[in-house]
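Engineer: build me a structure from this.
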Amino acid sequence: MKAKIHRPIEGTIKTVTVSMTPSGRYFASVLTEVEGDNPPSNTDGNVIGIDLGLKDFAIVNDGVKTSKFANPKHLAKHERNLKRKQRKLDRKEKGSKSRDNARKLVARVHERVSNVRQDYLHKLSRKLVDENQVIVVESLNTLGMVRNHKLAASISDVGWGMFVNFLSYKLEFEGKVLVEIDRWFPSSKLCSNCHYQVKEMPLEVREWTCPSCGTHHDRDGNASANIRAEGIRILSVSGTGTAADGGEVRPKLGRKSKLRHSPAKSEAHAVLKVSDG
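Structural biologist: Okay, here's the model as predicted:
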């Protein structure tokens, strides 16, 4: 059979699984065995905190600056084409060959959306993994979030869970570390400068000024800075530590829930600078 092989197959082939997509395309998934183990985890290096959102897909703080990566909104770009093909499908007679062809056209649009989404997430996760040693993210309850009918389509389209999975296995393969902090950690409500915690922070509030120190915050940039600092704190408490170049580790303020994170397997020297605020 003719096949497009996008990269050389390494190792001993154990199994090959052939599957067909709803659009009628065939794929072969090849499982191989490669000698050697992944390198041991090491936390000594650059640390970033990532706040995932809808307006911007990822807001990244490295302790010095904040970078924003746009939300491509893949489904919205193909929505008009998808609706047109779905209307054609609805007009076809059930059980007819023309209806089956129309169904495949709809499936191809969904497949195209899925492919461009995965391509974007793979490229972004590869960039962040290549540039950093430790990546800190929030553990998000995506299934609970999609119950909000106004945001369900946008949340499903953005692919937060897939992105974190891509980060996880790429980091592990290179001996790097992913830290997941508790979803209830008040990253948006804390001032990253003086650590004052406000009581409420509605979603529509995108910028705010700390009533304690007067620092003006971009909501998402402030959250990513707090996520990074909390990840550093978790590593230091767990005994792995991190050099954490650029930025301070905030003191134990504003934490109201237990924190969980992926295990870091090896130890690294900790140079932690704690502020008195």
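
Engineer: contacts only, for residue 110.
Structural biologist: Applying C-beta atoms under 8 Å, 6 or more residues apart in numbering to residue 110 gives the contacts 22, 82. Using the backbone N, CA and C atoms, a C-beta is placed for each residue, glycine as well.

Engineer: name the SS class of it, please.
Structural biologist: Secondary structure assignment for residue 110 (DSSP: H, G, I helix; E, B strand; the rest coil): helix.

Engineer: state the distance from it to residue 22.
Structural biologist: Distance of residue 110 to residue 22, given as C-beta to C-beta, to the nearest Å: 8 Å.

Engineer: what about stretch 83-94, distance to the chain center?
Structural biologist: 35 Å (C-alpha atoms, centre = their mean, to the nearest Å).

Engineer: buried sites along it?
Structural biologist: By neighbour count on 16 or more other C-beta atoms under 10 Å, the buried set for stretch 83-94 is 85, 89.

Engineer: can you list contacts of it?
Structural biologist: 98, 99, 102, 103, 105, 106, 109.

Engineer: CA atoms only for it, dumped as CSV, please.
Structural biologist: Taking Å, rounded to 0.1, in the frame of the first residue of the first chain, the C-alpha atoms of stretch 83-94 are listed here in CSV:
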residue,chain,number,x,y,z
LYS,A,83,-22.9,25.4,8.1
ARG,A,84,-23.2,25.5,4.3
LYS,A,85,-22.2,21.8,4.0
GLN,A,86,-24.4,20.8,6.9
ARG,A,87,-27.4,22.4,5.2
LYS,A,88,-26.7,20.4,2.0
LEU,A,89,-26.4,17.2,4.1
ASP,A,90,-29.8,17.9,5.7
ARG,A,91,-31.5,18.2,2.3
LYS,A,92,-30.2,14.8,1.1
GLU,A,93,-32.4,11.7,1.2
LYS,A,94,-31.5,9.3,4.0
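
Engineer: does residue 175 count as helix, strand or coil?
Structural biologist: Quick answer, by three-state DSSP: residue 175 is coil.

Engineer: gap between it and residue 113?
Structural biologist: Distance, residue 175 to residue 113, using C-beta to C-beta: 34 Å.

Engineer: so between those two, which is more surrounded?
Structural biologist: Neighbour count, other C-beta atoms under 10 Å: between residue 175 and residue 113, residue 113 has more, with 19 against 15.

Engineer: list the contacts for the more buried one?
Structural biologist: 74, 75, 78, 82, 157.

Engineer: can you flag which of those residues belong to strands?
Structural biologist: The members of the contacts of residue 113 all map outside strands under DSSP state E.

Engineer: now pLDDT too, for these, in JSON lines please.
Structural biologist: Shown next, in JSON lines, are the contacts of residue 113 (pLDDT from 0 to 100):
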{"residue": "74", "pLDDT": "88"}
{"residue": "75", "pLDDT": "86"}
{"residue": "78", "pLDDT": "89"}
{"residue": "82", "pLDDT": "91"}
{"residue": "157", "pLDDT": "83"}
